[in-house]
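Colleague: following is a predicted model, sequence given first.
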Amino acid sequence: MANSLEMVSISKHFGGIRALENVGFAAHGGEVHALLGENGAGKSTLMRVLSGDHQPDTGEVILDGERLVLSNPRVARDHGIAVIYQEFALCDHMSVAENIFIDDLAFGRRFIDWKALRSRAAELVASLGLADLDVTRPVSDLSVAEQQIVEICKALRRESRVIVFDEPSAVLTERETQQLFRLIRRLRDEGVCVIYISHRLEEVFAICDRATIMKDGRRVDTVRIADIDQTRLVEMMVGRELAHVFPPRHATIGAPVLEVANLRLPRLVEDVSFTVRAGEVLGFYGLIGAGRTEVMRAVFGADRMAGGEVRLKGRAIANRSPGEGVSNGIGMVPEDRKGQGVLLDLSIATNIMLRRRNDTTRAGGVLNLGAETEQVNRMIRALRIKTPGGAPAVSTLSGGNQQKVALAKWMATELEVLILDEPTRGVDVGAKSEIYQIVNDVAERGLAVIVISSDLPELIGIADRIAVMRAGAITGELGGDEMNEEALIALAMGVKQ
């Protein structure tokens with residue numbers, strides 16, 4: 001079969017850490033092959049071996065019967081292997097056409113024929129059904145979906161035989177995701193070997209033909225999607241039954257803790273009011289641009305309010321900075337985990353203790369390292385962070401464990417209110433269940449918890465009430481049996497029921 005890929009007995013270690021152990025993987029042209037597993041299962045490492053970014057300790061890569069030595073990414077590209085990562089490799093200041101042909105702008109000649117360059121780029125873009133994309137526009141002016149199209153065009157221009165999509169829909173709207181699926185199906189029908197990495201199982205069942213499941217650096221199995229259901233697939237990924245993805249709630253809901261009245265933000269939010277009580281989980285839902293994150297940033301003190309009032313346990317507060325928000329007992333885990341939630345290059349211990357250093361400091365300003373280590377280890381155990389200790393940098397952890405570190409930083413702090421913005425985005429299903437348990441534990445401690453999420457089943461599964469926003473205003477609030485996807489989507493879209 002054309003474009004047949006085999007990875008045989010691949011092993012890779014980083015110091016004393018085993019990332020891959022004797023992994024076998026096979027995919028074929030004319031299929032979309034899912035690569036699944038929890039964060040830290042080894043998926044990304046395996047694909048970085050395929051892309052030439054990592055050199056395996058043992059094993060080999062075979063493409064169409066030819067054994068390849070992928071010494072660097074350029075060699076992999078020359079053999080027709082392309083990997084489209086979540087973070088695009090584009091030059092923002094250059095045009096669409098220049099990015100597509102970035103490694104051969106002159107087509108092997110001495111001078112660049114700009115007219116021919118733009119013409120060939122336009123033909124390639126049009127072949128994907130996007131004739132209205134102006135190839136002279138700088139990439140910095142494009143939407144995320146359009147930038148992804150440019151990455152796909154780069155792969156097609158090189159006549160790639162294998163294309164890997166790593167969490168391609170993480171930042172796309174539903175309409176953009178469906179457009180991506182059409183492109184992937186077209187690539188499959190043209191005989192390209194497509195490898196699809198995603199934590200969204202509904203997408204795997206919609207677009208993929210087969211799936212290889214990995215766990216702890218090893219291959220578990222390869223299955224036909226038509227022969228399996230989501231429950232069994234999840235159990236293979238996590239290595240245990242997940243009878244309760246959403247753990248039962250035991251928190252006692254008490255008196256109002258946070259009251260927001262008539263909050264306004266310039267040109268964004270108008271007259272938003274809500275209350276959240278001790279032990280309660282209040283969900284916030286809305287489509288992109290509805291204003292959910294902006295409201296919570298203003299409550300936390302990251303953005304300045306234009307009007308309105310915030311009261312904490314009946315006392316009026318004015319958070320003019322995140323520091324004041326923390327002093328008033330409000331914590332926030334932001335949506336941008338890597339950019340704002342954790343300090344990637346610093347240790348796990350440093351991240352966890354950022355807000356508690358004073359508690360482990362002796363007279364004279366000397367750190368009590370023993371007390372700090374004890375607190376860090378306690379948080380690592382409580383949140384089941386997969387690490388040998390607090391010394392490794394956060395960047396060495398999987399996405400789910402990075403998110404747990406971001407949560408641990410606030411759980412080690414005395415709070416009244418905890419705000420979580422998209423707490424499980426990019427996190428595998430096993431880690432999601434553990435984060436949901438953490439949310440329950442926080443609520444049972446008597447904190448008021450606010451969860452912003454675009455995942456409706458998630459909000460319905462963990463929240464006591466859900467407030468819905470549209471165009472900067474709250475359009476409704478549902479609780480109990482009223483919380484269902486149809487009603488929530490209708491409120492988010494302004495549809496009268």
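Modeller: That came through, no problem.

Colleague: phi, psi of the most far-flung residue of the chain relative to its centre?
Modeller: Relative to the mean C-alpha coordinate of the chain, counting by C-alpha atoms, centre = their mean, the farthest residue is R110 (43.1 Å). Main-chain dihedrals, R110, degrees, to the nearest 10: phi -80, psi -30.

Colleague: and it, what does it touch?
Modeller: By C-beta atoms under 8 Å, 6 or more residues apart in numbering, the contact set of R110 is empty. Glycine gets a C-beta too; all of them are placed from N, C-alpha and C.

Colleague: quick check: it vs D103, distance?
Modeller: Per C-beta to C-beta, to the nearest Å, R110 is found 16 Å from D103.

Colleague: with G472 instead?
Modeller: 44 Å.

Colleague: which of these two has more neighbours?
Modeller: G472 (20 against 9; other C-beta atoms under 10 Å).

Colleague: hmm, the more buried one is touching V269, no?
Modeller: Yes. Using C-beta atoms under 8 Å, G472 makes contact with V269 at a distance of 4.4 Å.

Colleague: what sits in contact with each of those two?
Modeller: Shared contacts of G472 and V269, counting by C-beta under 8 Å, 6+ apart, come down to 291, 294.

Colleague: what residues are up against the residue nearest the centre of the chain?
Modeller: The geometric centre of the chain, computed from its C-alpha atoms, lies nearest to G426 (C-alpha atoms, centre = their mean), at 2.5 Å. G426 makes contact with 86, 167, 170, 199, 337, 399, according to C-beta under 8 Å, 6+ apart.

Colleague: do you know the pLDDT at the third one?
Modeller: pLDDT for A170: 69.

Colleague: try the second one
Modeller: As summarised for this prediction, E167 has a pLDDT of 81.

Colleague: ok, the fourth one next?
Modeller: Reading off the confidence values, H199 has pLDDT 79.

Colleague: which SS class is it?
Modeller: Applying DSSP: H, G, I helix; E, B strand; the rest coil to H199 yields a three-state assignment of coil.

Colleague: so it sits against G430, correct?
Modeller: No. Between H199 and G430 there is no contact under C-beta under 8 Å: 10.1 Å.

Colleague: identify the contacts common to the two.
Modeller: Joint contacts of H199 and G430 (C-beta under 8 Å, 6+ apart) do not exist.

Colleague: can you say which of the contacts of G426 are buried?
Modeller: 167, 199, 337, 399 (16 or more other C-beta atoms under 10 Å).

Colleague: quick check on the residue lying closest to K313 once chain neighbours are set aside: phi, psi?
Modeller: The shortest distance from K313 to any non-neighbouring residue, by C-beta to C-beta, 6 or more residues apart in numbering, is to V257 (5.9 Å). With angles defined as degrees, to the nearest 10, V257 sits at phi -110, psi -50.

Colleague: do the same with V69
Modeller: Backbone torsions of V69, given as degrees, to the nearest 10, read phi -110, psi 100.

Colleague: just A226 next, same as before
Modeller: phi -70, psi -20.

Colleague: what distance do you get for it to N3?
Modeller: Taking C-beta to C-beta, one finds A226 at 22 Å from N3.

Colleague: got it, and G390?
Modeller: 45 Å.
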